[in-house]
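Engineer: everything below, folded, please.
(one chain, ligands or ions: 2)
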Amino acid sequence: MANIADSYNNPITIAVIGGTGLQSLDGFSHIATLKPTTPWGNPSSPISILHHDSPSSGNPIPIAFISRHGLHHELAPHEVPNRANIAALRSLGVRTIIAFSAVGSLQEKIKPRDFVVPDQVIDRTKGIRPFTFFEGGMVGHVGFADPFDPTLAQIVTKCGHSLEGEGVRLHDKGTVICMEGPAFSTRAESDMYRSWGGSVVNMSALPEAKLAKEAEIAYQMICMSTDYDCWHDSAGDVTVEMVMGNMKANSLNARRFVGAVLNELSKEEHEDLVLAKHLEGGMKFSGAVTAPAGRSEQAKKNIGFLFPGYFD
Ligand SMILES: CSC[C@H]1O[C@H](OP(=O)(O)O)[C@H](O)[C@@H]1O
Ligand SMILES: Nc1ncnc2[nH]cnc12
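Structural biologist: Ligands and ions are numbered 1, 2, ... in the order given. Next up, the predicted model:
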């Protein structure tokens with residue numbers, strides 16, 4: 001086996017966060033394994049740096065990969081260190097994240113193994129997960145009307161559609177209900193989410209998407225339906241076996257989907273998007289409200305890790 005380095009000296013702009021059943025990304029050269037630490041602790045897993053050969057330039061593009069629930073799925077949804085994950089990725093240079101999630105379907109037309117590129121989210125977490133970088137002496141309010149990045153979404157949906165007919169079915173909009181878990185929903189909750197217009201349900205979209213937004217990172221989740229939760233008359237109530245079974249059966253398509261997105265993002269024409277130029281400076285110029293005299297030393301240190309030099 002080739003030597004895997006423990007450092008990587010060039011900036012890495014694109015990351016993939018893998019969820020249930022997607023704890024690694026095969027088919028890429030594994031160049032380095034990094035173990036960064038942040039003011040918010042350590043990420044869910046060591047960060048694998050993978051080289052992806054850009055089909056347009058032929059040059060290798062580095063991709064950072066984190067396994068959301070740890071290398072062996074040892075972290076429950078409410079235990080995922082989301083702030084450490086996002087801060088560690090940002091500190092490596094990451095400005096674009098493709099996040100993968102196994103979800104329950106709330107609509108008949110979203111069948112198990114279908115993919116959904118959501119454009120909205122409803123928060124049903126219970127406030128027990130740390131959900132912001134801006135606290136303890138530095139207040140900030142980020143716009144969250146579009147929780148996912150609309151331009152990145154266009155690229156992701158185009159890539160997904162290009163795989164259709166090869167076993168991939170894609171829905172290019174949808175509302176994710178992010179529930180607390182780890183227990184699955186009651187039938188009354190599942191019916192309520194359907195009445196709200198929810199498309200799919202998971203336990204991971206938040207605060208991940210919110211923290212990425214605060215960190216000025218373009219973020220899009222790709223969901224793969226694994227079950228009909230517990231509202232469906234004949235499909236049977238969701239179980240872990242159902243989720244894992246469908247994830248495993250369709251993992252090749254999930255990996256092909258992610259690979260197609262990485263191929264597209266590595267094109268020069270997307271350079272500004274991948275660097276999230278459209279988000280750059282948002283927190284500095286309009287997000288943070290605390291006047292210099294009110295900022296605590298600790299908050300300055302923490303926010304300085306995320307945005308070196310922004311608030312000096
Ligand atoms: C194992 S079933 C519930 C679990 O699956 C999803 O994980 P992820 O979003 O990381 O793919 C869901 O959000 C729950 O955490
Ligand atoms: N039914 C469900 N509810 C919440 N998270 C899920 N992940 C996969 N299926 C799910």
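Engineer: and the closest residue to residue 168 other than its chain neighbours, helix, strand or coil?
Structural biologist: Leaving out its chain neighbours, the residue that sits closest to residue 168 by CB to CB, 6 or more residues apart in numbering is residue 253, at 5.3 Å. For every residue, glycine as well, the C-beta is placed using N, CA and C. Classification of residue 253 by DSSP: H, G, I helix; E, B strand; the rest coil places it in helix.
Engineer: what is the host helix or strand of residue 85 packed up against?
Structural biologist: Under the criterion of DSSP states H and E, residue 85 resides in helix 82-92. Judged by 3 or more CB pairs under 8 Å, 6 or more residues apart in numbering; DSSP states H and E, helix 82-92 is in contact with strand 14-18, strand 47-53, strand 60-67, helix 208-214, helix 297-306.
Engineer: so what does the longest one touch, helix or strand wise?
Structural biologist: For helix 297-306, the packing partners by 3+ CB pairs under 8 Å, 6+ apart come out as helix 82-92.
Engineer: does the helix it packs on reach ligand 1?
Structural biologist: No: on the criterion CB under 6 Å from any ligand atom, helix 82-92 is out of touch with ligand 1, staying 11.2 Å away.
Engineer: for ligand 1, what's the nearest residue on the chain?
Structural biologist: Nearest residue of the chain to ligand 1, counting by CB to the nearest ligand atom: residue 19, 2.4 Å away.
Engineer: doesn't residue 98 make contact with that residue?
Structural biologist: No: here residue 19 does not reach residue 98: they are 11.2 Å apart, not a contact under CB atoms under 8 Å.
Engineer: quick one, which of the two is more surrounded?
Structural biologist: residue 19 (27 against 24; other CB atoms under 10 Å).
Engineer: residues in contact with the more buried one?
Structural biologist: 68, 69, 99, 100, 101, 102, 204 (CB atoms under 8 Å, 6 or more residues apart in numbering).
Engineer: re earlier: just the C-alpha atoms of the helix holding residue 85, please, in PDB.
Structural biologist: Provided in PDB are the C-alpha atoms of helix 82-92 (Å, rounded to 0.1, in the frame of the first residue of the first chain):
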ATOM      1  CA  ASN A  82     -20.700  19.700  13.600                       C
ATOM      2  CA  ARG A  83     -18.800  22.900  14.600                       C
ATOM      3  CA  ALA A  84     -15.400  21.000  14.600                       C
ATOM      4  CA  ASN A  85     -16.200  19.400  11.200                       C
ATOM      5  CA  ILE A  86     -17.100  22.700   9.500                       C
ATOM      6  CA  ALA A  87     -14.300  24.700  11.200                       C
ATOM      7  CA  ALA A  88     -11.700  22.000  10.400                       C
ATOM      8  CA  LEU A  89     -12.700  21.900   6.800                       C
ATOM      9  CA  ARG A  90     -12.700  25.700   6.500                       C
ATOM     10  CA  SER A  91      -9.200  25.900   8.000                       C
ATOM     11  CA  LEU A  92      -8.000  23.600   5.300                       C
END
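Engineer: ok, what's across the strand from residue 122?
Structural biologist: residue 177 (DSSP bridges).
Engineer: could you export the helices and strands packed on helix 82-92 as JSON lines, including mean pLDDT?
Structural biologist: Formatted as JSON lines, the helices and strands packed on helix 82-92 follow (pLDDT from 0 to 100):
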{"stretch": "strand 14-18", "mean pLDDT": "98"}
{"stretch": "strand 47-53", "mean pLDDT": "92"}
{"stretch": "strand 60-67", "mean pLDDT": "95"}
{"stretch": "helix 208-214", "mean pLDDT": "98"}
{"stretch": "helix 297-306", "mean pLDDT": "96"}
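Engineer: now render the ones you listed as a markdown table, adding mean neighbour count.
Structural biologist: Listed next are the helices and strands packed on helix 82-92 as a markdown table, based on neighbours: other CB atoms under 10 Å:
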| stretch | mean neighbour count |
| --- | --- |
| strand 14-18 | 26 |
| strand 47-53 | 20 |
| strand 60-67 | 23 |
| helix 208-214 | 26 |
| helix 297-306 | 17 |
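Engineer: of those, which is nearest residue 230?
Structural biologist: Residue 230 lies closest to helix 208-214 among the helices and strands packed on helix 82-92, at 24.2 Å (CB to CB).
Engineer: just checking that closest one against ligand 2, any contact.
Structural biologist: No: Helix 208-214 is not in contact with ligand 2 by CB under 6 Å from any ligand atom; minimum separation 13.8 Å.
Engineer: which helices and strands sit right next to that helix?
Structural biologist: By 3+ CB pairs under 8 Å, 6+ apart, helix 208-214 packs against helix 82-92, strand 96-105, strand 218-227.
Engineer: off-centre distance for the second one?
Structural biologist: Right, the one you point to is strand 96-105. Put simply, strand 96-105 sits 6 Å off its chain's centre (CA atoms, centre = their mean, to the nearest Å).
Engineer: need the contact list for the residue nearest the centre of the chain.
Structural biologist: Compute the mean C-alpha point of the chain, and by CA atoms, centre = their mean the closest residue is residue 99, 2.9 Å away. The contact partners of residue 99, by CB under 8 Å, 6+ apart, come to 16, 17, 19, 68, 204, 205, 208, 209, 219, 220, 221, 222.
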